[in-house]
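Enquirer: Next input, structure requested:
(chains A and B)
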Amino acid sequence: MVLQAKFYSGKIVFPGEKLCVLEEFMPGDGTFEINGNVYSKFVGRVLYDFVSRKVTVVPLKKVANIPKQGMVIYAVISTTKDDVAFTKIFGAEKGVSFSGTFTGILHVSQISSNYIKVVTDAVKVGDIVKAKVLTSWNPFQLTTKGTKLGVIYALCSKCGTPLIKKRTKLQCPKCGNVESRKISSDYMLSGGKRS
Amino acid sequence: MRYEKIKLVDENGLRIDGRKPDQLRPVKMEVSVLKNADGSAYVEQGNTRVLAAVYGPREVHPKHLTLPDRAILRTRYHMVPYSTDERKSPAPTRREIELSKVIREALESVIFVELYPRTTIDVFIEVIQADAGTRTAGLMAASLALADAGIPMKDLIAAVAIGKVDGTLVLDINQVEDEYGEADMPIAMMPSLGEIVLLQLNGVLSEEEFYEALKLAQKGIAQLYEFEKQALMKKYVEVKVEEV
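Expert: Numbering: from 1, shown residues only, chains lettered A, B, ... in the order given. As a prediction, this is how the structure comes out:
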């Protein structure tokens, strides 16, 4: 068919390249429309869908990620107050990374489903936490409610050695100091096993 | 001592570097040249060499600059101290600050800035060697770097400077022509959409000359646009080879 030959998928297109007119295909992801013409937004491959009559462009290189609502992220606690902890989000699940870091805010009420009086009872500066993003704009509100979420790596506040998980508490293998945290079930160093 | 004017166009109509009036300088473009940047590009036009890097969309610092409905765009055009024949102070000059502004405004019209609210897109343009036409080369490098960073754009930007030397209009002027010529007009366009995003004029042109210059520029821009597409294409073809 003449039409099929004109619109073949898989071709590499550039930003601003005209893909079709509005009557032929509706603009989908990675495209935009000006005066009835559909153009590409990215350097990518075109996909003409003859069934739903839609053009999409799949970018060859994706833009830097931004934390999204519902995302499970990894963050370092940078400062703490009585009722709130400020964190730096540096990555997310499945190896997702960002361009630099984003600020996340963890409020006491969102740390655990149990009552926590002050933030430092559950998280301390320098801890790495696994948390879920609640809002879709910066600064991102976080929560660590849930068994999988919480501190996944922490250092002893007396001697600086990485703490080891012993049941519901964290213990320092060097000085024996016991600390309380909102521990994730994914805590990286568990007791008993020595590696 | 009497000032003697350099002859810029000879009897055969050839320019000081042997080019025809409507001929571009040799162009070299490369994409993804820096590891740490989200997107980067290197553009060479004759002796003009420019490097551009793009970061973002990322978190804005200082935070008060954040805009709730769109990403902010920050552009830095800078010439390195060894880019000119006489050492240039590394501090941003009045000229560089102005060029950063006009380049930012040109790029702003191209990027879909409203897709990334409360973030920033940082563009750094570094002139490594200057031989006129650095803003146009910088703009092209920046647009290639943005495309390389995967940032959604309306179009790529291609740009050239048109000059008037010894009464004739010439395409893509060099340093000598810029210094001793009568006019210098940098033009930047979105080649597929046919929109002008930057136009400046230094010197005097008559109305007819202006329209003729615009036509000449479009001719040069069409050629440069092809080079840009080739540069982007080359990168992805290479990537494909590596995967196999």
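Enquirer: Give the burial count for the closest residue to chain B within chain A, as a bare number.
Expert: Distances between chain A and chain B by Cβ to the nearest Cβ are smallest at A:Gly16, namely 2.9 Å. All C-beta spots, glycine's among them, are computed from the backbone N, C-alpha and C. Other residues lying near A:Gly16 total 24 when counted by other Cβ atoms under 10 Å in any protein chain shown.
Enquirer: Let me know the helix or strand that the closest residue to it other than its chain neighbours is in.
Expert: Nearest non-adjacent residue to A:Gly16, counting by Cβ to Cβ, 6 or more residues apart in numbering or on different chains: B:Asp155, 2.9 Å away. In the assignment (DSSP states H and E), B:Asp155 maps to no helix and no strand.
Enquirer: same thing with B:Asp178?
Expert: Counting by DSSP H and E, B:Asp178 is part of helix B:175-180.
Enquirer: The helix or strand following that helix packs against which elements?
Expert: Scanning forward in sequence from helix B:175-180 by DSSP H and E, the next helix or strand is strand B:183-190. The helices and strands touching strand B:183-190, judged by 3 or more Cβ pairs under 8 Å, 6 or more residues apart in numbering or on different chains; DSSP states H and E, are helix B:134-148, strand B:158-165, strand B:195-199, strand B:202-203, helix B:207-243.
Enquirer: what about the first one, distance to the chain center?
Expert: If you compare the mean C-alpha spot of helix B:134-148 with that of the full chain, they lie 6 Å apart, counting by Cα atoms, centre = their mean, to the nearest Å.
Enquirer: isn't B:Ser109 right next to B:Val197, touching?
Expert: Yes: using Cβ atoms under 8 Å, B:Ser109 is in contact with B:Val197, at 5.2 Å.
Enquirer: Between the two, tell me which one has more neighbours.
Expert: Between B:Ser109 and B:Val197, counted using other Cβ under 10 Å, B:Val197 has the larger neighbour count: 24 against 16.
Enquirer: Run through the residues that contact that one.
Expert: Residues near B:Val197 by Cβ atoms under 8 Å, 6 or more residues apart in numbering or on different chains: B:Glu105, B:Ala106, B:Ser109, B:Val110, B:Ile157, B:Ala188, B:Met189, B:Met190.
Enquirer: can you tell me the helix or strand for the second one?
Expert: Right, B:Ala106. helix B:94-108.
Enquirer: Quickly list what's touching both of B:Ser109 and B:Val197.
Expert: B:Met190.
Enquirer: The residue nearest to B:Gln223 when sequence neighbours are not counted - how many residues pack around it?
Expert: Nearest residue to B:Gln223, sequence neighbours excluded (Cβ to Cβ, 6+ apart): B:Leu24, at 6.0 Å. As a burial measure, B:Leu24 scores 18 neighbours (other Cβ under 10 Å).
Enquirer: With B:Pro26 instead?
Expert: Counted with other Cβ under 10 Å, B:Pro26 comes out at 10.
Enquirer: Quick check: closest non-adjacent residue to it.
Expert: Per Cβ to Cβ, 6+ apart, closest to B:Pro26 is B:Gly46, 6.3 Å.
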